[in-house]
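Give me the fold of what follows.
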Amino acid sequence: MQPVRQAFTRESADARRADLIEATAAVLAEHGLVGSNVRAICAKAGVSPGLLRHYFAGIDDLVAATYEATSDRMDAIFAEAVAGAAPEPRAQLLAYLTASFRSPVTDPELLGAWTAFWALARSDTRMAAIHMDSYAGYRARLGELLVACGAEDAERLAIMLTAMVDGLWLELSLDAGSFGAEAAVAMIERAVGALV
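Numbers count the residues shown, from 1 in each chain. The predicted model follows:
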């Protein structure tokens with residue numbers, strides 16, 4: 001009697017890369033930079049540590065890819081918020097700005113990953129470049145929405161509103177009971193009303 005061969009499927013390279021990126025974000029969120037290492041990430045992804053090198057040049061390459069993927073995910077969330085808003089320019093502007101105060105952007109796990117990315121952006125030129133590109137893209141899209149609302153000096157307003165949203169998001173992420181998401185939305189609506 002012949003032994004029965006078990007059928008198996010191999011995950012695609014894209015799926016493996018995505019699993020490693022997702023695991024990296026989770027480990028960064030749980031343990032911060034200090035606790036994020038190849039062994040912890042691979043354990044979270046359910047792969048052997050040697051496999052990481054097959055898909056990434058090393059942990060620095062993986063963390064950079066995770067920052068890019070997280071930034072892309074946030075861009076998609078903000079674009080979806082605008083697409084789901086009423087067609088009026090002000091409604092779309094407010095949807096873009098206030099998406100930061102709703103899930104999944106307010107999920108606690110995201111705070112840990114973002115603070116790790118921000119810390120690395122201060123000391124690593126590659127991470128700094130990803131940070132600059134990410135924020136430049138966010139501000140450019142915000143600037144377009146501001147122009148559609150008839151705002152003057154949209155570039156400067158985009159910088160100011162981005163800083164305001166980031167500050168409110170950070171406070172909500174650190175202490176959800178401090179003032180609440182609806183209060184943050186109201187603050188942004190008031191600021192837009194005064195500025196635009």
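
Tell me how far Ala113 lies from Ala184.
Ala113 sits 20 Å away from Ala184, going by C-beta to C-beta, to the nearest Å. Glycine gets a C-beta too; all of them are placed from N, C-alpha and C.

same question, Phe56
Distance of Phe56 to Ala184, given as C-beta to C-beta: 36 Å.

neighbour-wise, which of the two wins?
Neighbour count, other C-beta atoms under 10 Å: between Phe56 and Ala184, Ala184 has more, with 24 against 20.

Can you tell me the element the more buried one falls in?
For Ala184, the element it lies in under DSSP states H and E is helix 181-195.

So what touches that helix?
The contact list for helix 181-195 (C-beta atoms under 8 Å, 6 or more residues apart in numbering) reads 90, 93-94, 97-98, 101-102, 106, 151, 157, 160-161, 164-165, 168-169, 172.

go again using 7 Å as the cut-off
Contacting residues not belonging to helix 181-195 are listed as 93-94, 97-98, 101-102, 106, 157, 161, 164-165, 168, 172 [C-beta atoms under 7 Å, 6 or more residues apart in numbering].

so how far is that helix from its chain's centroid?
22 Å (C-alpha atoms, centre = their mean, to the nearest Å).

If you count neighbours, what's buried in it?
Neighbour-count burial for helix 181-195 flags 181, 184-185, 187-188, 191-192, 195 (criterion: 16 or more other C-beta atoms under 10 Å).

mean confidence score for that helix?
Across helix 181-195, the average pLDDT comes to 95.

what do you get for stretch 154-164?
Stretch 154-164 comes out at a mean pLDDT of 97.

Need the residues that contact that stretch.
97, 135, 138-139, 142-143, 146-147, 151, 188, 191, 195.

Can you show me the CA trace of stretch 100-118 as PDB?
Extracted C-alpha coordinates of stretch 100-118, given in PDB (Å, rounded to 0.1, in the frame of the first residue of the first chain):
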ATOM      1  CA  SER A 100      -8.700  60.200  12.000                       C
ATOM      2  CA  PHE A 101     -11.100  60.100  15.000                       C
ATOM      3  CA  ARG A 102     -12.900  56.900  13.900                       C
ATOM      4  CA  SER A 103     -11.900  53.200  13.800                       C
ATOM      5  CA  PRO A 104      -9.600  51.900  12.400                       C
ATOM      6  CA  VAL A 105      -7.500  55.000  12.700                       C
ATOM      7  CA  THR A 106      -8.200  55.200  16.500                       C
ATOM      8  CA  ASP A 107      -7.400  51.500  17.100                       C
ATOM      9  CA  PRO A 108      -4.900  51.400  20.000                       C
ATOM     10  CA  GLU A 109      -2.600  49.100  18.100                       C
ATOM     11  CA  LEU A 110      -2.000  51.800  15.500                       C
ATOM     12  CA  LEU A 111      -0.500  54.200  18.100                       C
ATOM     13  CA  GLY A 112       2.300  51.800  19.000                       C
ATOM     14  CA  ALA A 113       3.300  51.300  15.400                       C
ATOM     15  CA  TRP A 114       3.100  55.000  14.500                       C
ATOM     16  CA  THR A 115       5.200  56.100  17.500                       C
ATOM     17  CA  ALA A 116       7.800  53.600  16.500                       C
ATOM     18  CA  PHE A 117       7.800  54.900  12.900                       C
ATOM     19  CA  TRP A 118       8.100  58.500  14.200                       C
END
